[in-house]
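Got a predicted model here, sequence first, then my questions.
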Amino acid sequence: MTTTLITGGTVVSATGRSEADVLIDGEKIVALISPGTTPLGTIAADTVVDATGKYVIPGGIDAHTHFELPFGGTEASDTFESGTRAAAWGGTTTVIDFAVQTTGTKVQDGLAKWHDKAAGNCAIDYGFHQIMGGVDDDSLKAMRGFVDEGITSYKMFMAYPGVFYSDDGQILRAMQTAADLGLLTMMHAENGPAIDVLAAQLVEAGKTTPYYHGIARAWQMEEEATHRAIMLGNLTGAPLYVVHVSAKQAVEQLAWARDKGQNVFGETCPQYLYLSLEEQLGADSKEWGAFEGAKWVCSTPLRSREEGHQDHMWQALRTNDLQMVSTDHCPFCMKGQKDLGVDDFRKIPNGIGSIEHRMDLMYQGVVTGELTLERWVELTSTTPARMFGMYGQKGVIAPGADGDVVIYDPKGHTTISKDTHHMNMDHSAWEGFEIDGHVDTVLSRGKVVIDRGEYLGAKGDGRFVKRGLSQYLI
Ligand code: URP
Ligand code: ZN
Ligand code: ZN
């Protein structure tokens, strides 16, 4: 077993910061050593990593990714191999991807397929949530095996009729089972049937460009579905986690339920903090014209900056009305994928790729004063670990935890570009974004996988994480 000593850095946790050296023995953190308490010479580490002037934080946990997701007649362009490698470059050391059951298929088959795709291919550790695309007697029975499989959360969709959609009766039945088992219900909260009518009306009227994707998916559709999910959760006692929240009115629903003491949580994503519908309307490029806005087609959609959604998301992250930031990493190339919808926004595969940039993008909130350093760590690592039953092993720098550590250099500076990113995409939704701070070194279970601009990891390094029940419930 090799030992690694990270010296001279500022260790940042969700609750504070301290000057300490971090000792890793094999795959596990074994000690935090305050300056002056142990003569350094008495610790003979095999490798010493100098973190002077840098932050030492628990590895990022991205709890919402879609590698190789079949969607709209194509498949998300990052594989488990390319996606987890890009994650490592960006300071993320654990992902939770969504195993897929589509309507008419068996849950167990979907899960087995996801294990096949991931096993031996990941650069970092990974877990799964289960997408339930067809709630019936069979799938409800299958849910009873989830906890033993280490899958303690599952996602349902109030959107995408005919693909992933569940009606209210199906959601009720699944939530009853989830409440019984202690599973966390993750909800895509948008009123899909109403959205499909609005979208068809827009296309009929000749409004076919990517911008109209966001017009069809109006905030009222998100607020209404969020409220409905909360009430179904209230009735059944099932803890609820609403994914990719983008409308301020949906946040208000979450806050209302939480104030009453209900187990209701929400995540937002970097795109809903930084990008807007107005920019999508103005998008124009030599190559794509107004179709350039397709790079930002995702669901829930980007929201209007004039209406104040983005400011509200930042505020909700401070007040804990939203608890986490995940990426919803679901990349599609412009050529051959997004361009399926060049004449009709409904055919554009939904999704944005950000897995490599989440830690950096959220650190900009520290730079601008929107977030404290501690809250940055909490939103991107510690709460994801607690929410999804991994805390102690992940999400913290403490003896006994996995040696998942990021050394972050606050003095670094980069510009995001498709020419330098490591995601399998022909464009970047973040092209030209200036980033203060930089991921310097990344350790995954004690192994250095990123060493100041060099990738030292390998596919197959990452292991499946069997998760426990949520550690975040009231
Ligand atoms: O646009 C998105 N979010 N694509 C991925 C599927 C989903 O709903 O999360
Ligand atoms: Zn979704
Ligand atoms: Zn998603």
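Cool, the structure landed. Since we're looking at a predicted model, the values are computed, not measured. Ligands and ions are numbered 1, 2, ... in the order given.

so where's the chain uncertain?
Within the chain, the segments meeting pLDDT under 70 span 38-42.

Could you list the contact residues of it toward ligand 1?
66, 188, 244, 298-299, 328, 330, 350-351 (Cβ under 6 Å from any ligand atom). Heads up, the C-betas are built off the backbone N, CA and C, glycines and all.

can you put the residues you listed in JSON lines and add neighbour count?
As requested, these are exported to JSON lines (neighbours: other Cβ atoms under 10 Å):
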{"residue": "His66", "neighbour count": "24"}
{"residue": "His188", "neighbour count": "24"}
{"residue": "His244", "neighbour count": "26"}
{"residue": "Cys298", "neighbour count": "27"}
{"residue": "Ser299", "neighbour count": "22"}
{"residue": "Asp328", "neighbour count": "28"}
{"residue": "Cys330", "neighbour count": "25"}
{"residue": "Asn350", "neighbour count": "23"}
{"residue": "Gly351", "neighbour count": "24"}
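
Thought Thr4 was touching Gly26, still the case?
No. Under the criterion of Cβ atoms under 8 Å, Gly26 makes no contact with Thr4, lying 9.3 Å away.

tell me, what's touching the two both at once?
Counting by Cβ atoms under 8 Å, 6 or more residues apart in numbering, the residues touching both Gly26 and Thr4 are 403, 446.

So which of the two has more stuff around it?
Thr4 (21 against 13; other Cβ atoms under 10 Å).

any idea which element the more buried one lies in?
Taking DSSP states H and E as the definition, Thr4 sits inside strand 3-7.

Quick check: the spatially closest residue to Asn234 that is not a sequence neighbour vs Gly389, distance?
Nearest residue to Asn234, sequence neighbours excluded (Cβ to Cβ, 6 or more residues apart in numbering): Gln262, at 5.9 Å. As judged by Cβ to Cβ, to the nearest Å, Gln262 and Gly389 stand 20 Å apart.

Then Thr327?
Distance from Thr327 to Gly389, counting by Cβ to Cβ: 20 Å.

More neighbours: which of those two?
A direct count of neighbours by other Cβ under 10 Å for Thr327 and Gly389 places Thr327 higher, at 30 against 25.

Phi and psi next, for Glu19.
Phi and psi for Glu19, reported as degrees, to the nearest 10, are phi -80, psi 120.

what sits against the closest residue to it other than its chain neighbours?
With Cβ to Cβ, 6+ apart as the criterion, Glu19 has its nearest non-adjacent residue at 5.6 Å, and that residue is Pro35. Contacts for Pro35 (Cβ under 8 Å, 6+ apart) come out as 19-21.

Please apply the same query to Leu340.
The neighbours of Leu340, taking Cβ under 8 Å, 6+ apart as the test, are 72-74, 347-349.

quick one: the helices in the stretch 251-400 of the chain?
Remark: helices assigned in the stretch 251-400 of the chain by DSSP state H, counting those that start in this stretch are 270-274, 277-282, 309-319, 358-367, 373-377, 383-387.

how about TSV for these, with mean neighbour count added?
Output for the helices of the stretch 251-400 of the chain, formatted as TSV (neighbours: other Cβ under 10 Å):
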stretch	mean neighbour count
helix 270-274	23
helix 277-282	18
helix 309-319	19
helix 358-367	22
helix 373-377	22
helix 383-387	26
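
Which of the ones you listed sits closest to Gly341?
When the helices of the stretch 251-400 of the chain are compared for distance to Gly341 using Cβ to Cβ, the nearest one is helix 277-282, at 13.7 Å.

what residue lies at the spatial centre of the chain?
Among the residues of the chain, the one closest to the centroid is Ser326, at 2.5 Å (Cα atoms, centre = their mean).

Skipping adjacent residues, who's closest to that one in space?
For Ser326, the nearest residue in space outside its immediate sequence neighbours is His64; the separation is 3.5 Å by Cβ to Cβ, 6+ apart.

isn't the one you found right next to Tyr241, touching?
No. His64 is beyond contact range of Tyr241, at 10.0 Å (criterion: Cβ under 8 Å).

now the contacts of Leu340 as JSON lines including distance to Asp360?
Formatted as JSON lines, these follow (distance: Cβ to Cβ, whole Å):
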{"residue": "Gly72", "distance to Asp360": "29"}
{"residue": "Gly73", "distance to Asp360": "32"}
{"residue": "Thr74", "distance to Asp360": "28"}
{"residue": "Lys347", "distance to Asp360": "32"}
{"residue": "Ile348", "distance to Asp360": "26"}
{"residue": "Pro349", "distance to Asp360": "25"}
